[in-house]
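[1] What follows is a predicted structure for the sequence shown.
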Amino acid sequence: MDVKYRWLLSGVILACSAPLYAQNDVVRDNINHELLYAQISAGSLNEIIGENSHVSAMSVGGNYLYTPEVLLTLDYEARFIHPDTTTSQLYSLLPGVAYVANIHNNLDIVAGALAGILWASQTDNETDETLTREDCFIWGGNLALNYQFTERWKMSTEAEFRRSDILDEEIYTFRVDYHVSPRVAYGGFYSHRDKHIATINEGGISFRYYY
């Protein structure tokens, strides 16, 4: 993904959220998981973050609280791995279901399962020729610990695994979100992805709208 497109997406996120700043409600005591989100990230392939810029990604999705303990989730992600000679494009659509266990008013654990479709292709950077193209079923699970340590600040840690015929990976994420209003939060996150044959270290920013 070109840098200009990442900046364009950031501008759209900021523009869409600006009218919501004026809300003066108080953030809920219990952690709210009903949300829509958009996020972008960039990182390094087989190096510590900042060593190269061979990875970029964006994702959108949302959660719906079906019952007080059952959460329905949906995530769409576009990921681009672009070393010097080739570009791999990975698109995934992953609906899921999760169980929310409240430990305290501002502390909970969320355990989930997901299953969907992964589309993958690889092209030659010089000729733009498609080298491979395939799609397959993908499934996985995740476990997250969420802690809202002040009215406006929340942090989360998450471990996730994904399995498919094309790609197996484990993902470890740490994120911090700041609520500018009860319905709007901006965040930053760091992820480490272990693909068994390669690793990715990336950082990103996110926008979340709570409903």
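    Looks like it came in fine. Residues are numbered from 1 along each chain as shown.
[2] can you tell me which residues contact Glu169?
    If you count contacts by Cβ atoms under 8 Å, 6 or more residues apart in numbering, Glu169 has them with Phe161, Arg162, Arg193, Asp194, Lys195, His196. To be clear about C-beta, it is placed using only N, CA and C from the backbone, and glycine gets the same treatment.
[3] Closest one of those to Glu129?
    Closest approach to Glu129 among these (Cβ to Cβ): Lys195, at 23.9 Å.
[4] Surely the closest one touches Leu167?
    Yes - with contact defined as Cβ atoms under 8 Å, Lys195 reaches Leu167; the gap is 6.5 Å.
[5] SS state for His196?
    What DSSP: H, G, I helix; E, B strand; the rest coil gives for His196 is coil.
[6] For it, which non-adjacent residue is spatially closest?
    Asp168 (5.8 Å; Cβ to Cβ, 6 or more residues apart in numbering).
[7] count of residues packed around the one you found?
    For Asp168, the neighbour count with other Cβ atoms under 10 Å is 15.
[8] Read off the pLDDT value for it.
    With respect to pLDDT, Asp168 has a value of 96.
[9] got the contact list for it?
    Phe161, Arg162, Lys195, His196.
[10] the helices in the protein, which residues?
    In the chain, the helices defined using DSSP state H lie at 3-17.
[11] hmm, what's the outermost residue in it?
    Computed with Cα atoms, centre = their mean, the residue of the chain farthest from its C-alpha average is Thr127, at 31.4 Å.
[12] State the pLDDT value of that residue.
    pLDDT at Thr127 comes out at 94.
[13] Please name the nearest non-neighbouring residue to Leu107.
    Nearest one to Leu107, counting by Cβ to Cβ, 6+ apart, is Tyr147 at 5.1 Å.
[14] Report how many residues lie close to that neighbour.
    For Tyr147, the neighbour count with other Cβ under 10 Å is 15.
[15] now it: how far from Arg175?
    Using Cβ to Cβ, to the nearest Å, one gets 11 Å for the distance from Tyr147 to Arg175.
[16] Now the common contact residues for the two.
    In contact with both Tyr147 and Arg175: Met155, Ser156, using Cβ under 8 Å, 6+ apart.
[17] rewinding a little: now list the buried members of the contacts of Asp168.
    Arg162, Lys195 (16 or more other Cβ atoms under 10 Å).
[18] Go through the contacts of Asp168 and name the one nearest Phe207.
    Proximity of the contacts of Asp168 to Phe207 (Cβ to Cβ) peaks at Arg162, which lies at 23.7 Å.
[19] ok, the closest one - contacts?
    Ile138, Trp139, Gly140, Asp168, Glu169, Ile171.
[20] Val176 versus the nearest residue to Tyr209 once chain neighbours are set aside, what's the distance?
    Leaving aside its chain neighbours, Tyr209 sits nearest to Leu36 (4.8 Å; criterion: Cβ to Cβ, 6+ apart). Separation of Leu36 from Val176 (Cβ to Cβ) stands at 19 Å.
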